[in-house]
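S.K.: Here is the input, now give the coordinates:
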Amino acid sequence: MQRFAAVIRLRPEKESAYRELHAAAWPGVLAALKRANIGNYSIFLRDGLLFSYLEYTGTDYAADTAAIAADPVSRDWWAVTDPCRQPLGSVAEGQWWAPAEEIFHLD
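M.R.: Numbering: from 1, shown residues only. Presented below is the predicted three-dimensional model:
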């Protein structure tokens, strides 16, 4: 199992909409995540920053995340959630969530 964490800014005027969307996350989006071997997925909010954490149990993260990106329901989900978020200035061109480095872990 691999752990992944990332950060992105939440647009203040979109907080309510973003909360509502995630309170009723689309079943097709959740199914795509599970098909991609992603579980124990959480998003936290603090001071305008969204922090995501997920656990990946597959063997080819790039292929599994590419399958999510190709999924029509996931693409529709991003069309409504992307306007709520703003990438940090430190991300690569075209990247949304900024990967966070794990510097400590306790089992």
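S.K.: Quick check: buried residues in the helix or strand of the chain with the lowest mean pLDDT?
M.R.: Of all regular secondary-structure elements in the chain, judged by mean pLDDT, DSSP states H and E, the least confident is strand 98-100 with a mean of 92. Buried residues in strand 98-100, counting neighbours by 16 or more other CB atoms under 10 Å, are found at residue 98. Where you see a C-beta, it was placed from the backbone N, CA and C, and this is true even at glycine.
S.K.: pretty sure residue 7 is in a strand, no?
M.R.: Yes - according to DSSP: H, G, I helix; E, B strand; the rest coil, the state of residue 7 is that of a strand.
S.K.: which other helices and strands contact the least confident helix or strand of the chain?
M.R.: strand 2-10 (3 or more CB pairs under 8 Å, 6 or more residues apart in numbering; DSSP states H and E).
S.K.: got a list of contacts for the strand it packs on?
M.R.: Outside strand 2-10, the residues that touch it by CB atoms under 8 Å, 6 or more residues apart in numbering are 18, 45, 48-56, 61, 84-88, 96-100, 102, 105.
S.K.: quick check: angle from the helix or strand that it is followed by to strand 2-10?
M.R.: Beyond strand 2-10 in the direction of the C-terminus, DSSP states H and E gives the next helix or strand as helix 15-23. Taking axes from the mean of the first three to the mean of the last three CA atoms, to 10 degrees, helix 15-23 and strand 2-10 form an angle of 150 degrees between their directions.
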